[in-house]
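Visitor: Sequence plus predicted model, see below.
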Amino acid sequence: MKKLISLLLVLVMAFTLVMPAAAFDLRLTGGDVPVITIYGDGEPLYNADGTEKIFHFSEIVDQLMSSAKDSLGESLINMVKPFFAEGLAKDEWDNFYAVLEQEMSRIFAKSRYSDDGENINGSDVHPDRRKQMAEFAARDTKEVNGEYHYRDYQFWYDWRQDPYKTADEFAAYIEAIKTTTQKPKVAVIARCLGTSVLMAYIDKYGTGSLHGISFDGSVAAGAELVSEMISGKSDIDLTALNRMLSDLKNDGTMGLDSFVLATVDLLARTLTAVGFDLEETAAHKKLAAGVFAAGSRATFFTWPGYWALVTPEDYEDALTGVFGPEGSAERVKYAGLIKKVDNYHKNVVCEMDNLLKAAAEDGVKIGIIAKYGYQIAPVIESKDMVADQYVTVEKASFGATTTTIYDRFSDEYIAEKAKTGDDKYISPDRHVDASTCLFPKYTWFTKGISHSTWTDLESALLFQVVTADEQLTIDDFDLSQFIMYDKETGNGYPMTKDNCDIEPWNTDKSYDRPANILEKLVALAKAFVNWIKEFFAFTGRLTEKNA
């Protein structure tokens with residue numbers, strides 16, 4: 001009997017211990033404040049009348065091939081002459097770069113902006129989105145449902161354009177909702193590029209109409225994937241590419257066969273073992289900067305909205321990398337675009353902390369979520385930093401201190417933080433120190449949610465923060481500041497030292513980044529054996545499929 005009672009007590013205690021972890025209220029409705037959700041660049045773009053999809057990142061390869069198929073042969077012929085006759089023969093590459101930019105501009109003509117950074121063909125999000133927004137703004141959902149929902153009022157926009165231009169549209173949308181609901185203020189849940197629009201709005205219109213604001217996967221303080229890439233901080237790493245492909249497969253974002261992953265892995269290990277460095281090749285040194293600048297001007301970096309992602313430390317290098325030095329012909333040609341870019345950069349990016357501190361002092365409720373646990377794109381210097389595939393935790397959290405994905409804060413570092421009581425802000429996996437954030441007590445970190453995934457967990461947490469009567473903090477929820485996400489249940493649990501190591505590169509550090517020639521050869525041997533195994537498995541699948 002005593003054993004039975006003891007067992008029951010243990011079960012009760014265990015249940016009590018796990019209850020707080022699972023008890024977070026995924027409340028997406030409630031409150032007396034209408035909430036606007038503003039998105040990033042995931043929305044596809046259409047031609048002026050909405051009859052043709054002209055750009056969507058998830059379909060970019062198909063769209064480019066479709067755009068290029070009628071003129072690809074002609075474009076290649078146009079580039080061959082300056083490449084061989086002037087480039088290889090005379091080591092004069094300017095005409096090749098000019099033709100490359102011209103031909104790429106033709107392929108991207110439907111989504112490219114003008115040299116002044118303006119929309120030249122009326123392309124936009126689908127007209128149905130604009131219609132939906134008007135319908136949303138004309139209804140007071142509280143009258144119907146008795147409360148507000150986080151998706152009652154959604155804002156879509158042409159995410160390529162100057163954030164200040166979008167801020168004008170956003171201001172009009174806010175005023176329309178205030179009129180409909182008869183509420184003096186609204187709250188905002190901003191994601192990705194939407195955070196740049198929110199900051200442009202705050203700079204231009206102030207915070208008088210804002211009850212609460214939140215930043216989820218924020219790029220308002222910059223995004224290294226863009227910022228470093230166009231400022232010359234490129235660093236191509238096949239091992240990091242291997243990690244990213246594994247992440248994409250595990251997430252279901254990209255249906256990659258395990259044989260493809262094994263092949264990339266074998267290539268990466270082989271090049272690592274022989275000491276190959278793409279950055280040091282003659283072709284890369286000779287052509288990379290010119291080709292990238294021409295490609296940038298022909299495509300994404302005629303979009304002022306993407307320039308909003310460039311950090312203060314990279315900005316001047318980015319201008320030079322894309323447009324050349326001061327006084328260059330390209331600076332003159334793109335003067336209109338550069339003016340827009342300069343305006344946003346100087347007034348928002350460089351004033352970010354001041355704008356947000358002023359909002360907090362005005363009583364605006366603030367909530368921030370930075371995500372991590374994923375490999376950032378393997379083409380930039382920050383490839384080994386703690387990130388969400390697109391932006392580092394440092395930028396998304398407005399100032400957290402982090403290690404690299406391989407390192408952990410030392411016992412000595414934590415001991416120093418303990419002297420000021422700031423050790424409580426260090427994540428159980430020892431990768432993140434939130435004490436250096438702009439708002440340490442208003443900033444949460446989720447592990448296991450990538451940048452392109454937006455969950456009800458995030459939305460519920462931020463919804464409750466931005467609609468609250470008082471500023472809520474990390475101490476007001478049963479979730480910890482550092483949250484582990486469970487994909488199966490859709491819920492979050494406090495991070496602990498026992499549940500936090502979910503990244504694939506934590507399983508075998510020496511294999512992932514070998515330190516010496518022996519480890520490199522061992523890693524290569526493992527990769528070769530795995531490739532052989534996957535090759536036979538792949539051929540077996542093909543045989544079954546064709547049987």
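Guide: That came through, no problem.
Visitor: in what helix or strand does the nearest residue to residue 308 once chain neighbours are set aside lie?
Guide: Leaving aside its sequence neighbours, residue 308 sits nearest to residue 196 (Cβ to Cβ, 6 or more residues apart in numbering; 4.2 Å). C-beta here means a position set from N, CA and C on the backbone, and glycine is covered the same way. Assigned by DSSP states H and E, residue 196 belongs to helix 194-205.
Visitor: residues in contact with that helix?
Guide: Outside helix 194-205, the residues that touch it by Cβ atoms under 8 Å, 6 or more residues apart in numbering are 38-40, 155, 157, 163-164, 166-168, 170-171, 188, 190, 210, 213, 215-216, 218-220, 305, 308-309, 344, 347-348, 351-352, 355, 359.
Visitor: Kindly report the same for stretch 483-492.
Guide: Contacts to stretch 483-492, defined as Cβ under 8 Å, 6+ apart, come from residues 22, 24, 26, 444-449, 455-457, 479, 493-495, 499-500, 502.
Visitor: How about stretch 463-480?
Guide: Counting by Cβ under 8 Å, 6+ apart, residues outside stretch 463-480 touching it are 20-21, 23-25, 27-28, 30-33, 35, 148, 150, 187-189, 211-214, 360, 365-367, 441-444, 461, 481, 492-495.
Visitor: what's the span of that stretch from first residue to last?
Guide: Start-to-end span of stretch 463-480 (Cα to Cα, to the nearest Å) is 17 Å.
Visitor: Show me what the strand or helix carrying residue 344 is packed up against.
Guide: Per DSSP H and E: residue 344 is located in helix 335-347. Using 3 or more Cβ pairs under 8 Å, 6 or more residues apart in numbering; DSSP states H and E, the elements in contact with helix 335-347 are helix 163-181, helix 194-205, helix 304-307, helix 315-323.
Visitor: would CSV of those with distance to residue 523 be doable?
Guide: Output for those, formatted as CSV (distance: least, Cβ to Cβ, whole Å):
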stretch, distance to residue 523
helix 163-181, 45
helix 194-205, 39
helix 304-307, 37
helix 315-323, 34
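Visitor: quick one on the thing from earlier: what's downstream of the helix holding residue 344, the next helix or strand?
Guide: helix 352-361.
Visitor: in that following helix, what counts as buried?
Guide: Buried residues in helix 352-361, counting neighbours by 16 or more other Cβ atoms under 10 Å, are found at 352, 355, 356, 359, 360.
Visitor: Which strands or helices does it pack on?
Guide: Helix 352-361 packs on helix 194-205, strand 365-372, going by 3+ Cβ pairs under 8 Å, 6+ apart.
Visitor: most tightly surrounded among these?
Guide: Counting by mean count of other Cβ atoms under 10 Å, strand 365-372 has the highest mean neighbour count of the helices and strands packed on helix 352-361, with a mean of 27.
Visitor: right, and the helix or strand after that one?
Guide: With elements assigned by DSSP H and E, the helix or strand that comes after strand 365-372 is helix 393-396.
Visitor: same for that following helix, what does it pack against?
Guide: Counting by 3+ Cβ pairs under 8 Å, 6+ apart, helix 393-396 packs on strand 365-372, strand 401-402.
Visitor: Try it again at 10 Å.
Guide: On a contact count with 3 or more Cβ pairs under 10 Å, 6 or more residues apart in numbering; DSSP states H and E, helix 393-396 meets helix 224-230, strand 365-372, strand 401-402, strand 443-447.
Visitor: Please convert those to TSV, extending it with mean pLDDT.
Guide: Formatted as TSV, the helices and strands packed on helix 393-396 follow (pLDDT from 0 to 100):
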stretch	mean pLDDT
helix 224-230	91
strand 365-372	98
strand 401-402	98
strand 443-447	97
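Visitor: looking at the ones you listed, which is closest to residue 238?
Guide: helix 224-230 (17.0 Å; Cβ to Cβ).
Visitor: Who are the contact partners of the residue most central in space within the chain?
Guide: Per Cα atoms, centre = their mean, the C-alpha nearest to the average position across the chain is that of residue 390, at 3.5 Å. Applying Cβ atoms under 10 Å, 6 or more residues apart in numbering to residue 390 gives the contacts 40, 192, 217, 219, 223-226, 309, 371, 374, 376-377, 396, 450-452.
Visitor: Equivalent analysis for residue 345, please.
Guide: Counting by Cβ under 10 Å, 6+ apart, residue 345 makes contact with 222, 307, 308, 310, 311, 312, 315, 318, 319, 338, 351.
Visitor: so who does residue 258 touch?
Guide: Residue 258 makes contact with 246, 249, 530, 533, 534, 537, 538, 541, according to Cβ under 10 Å, 6+ apart.
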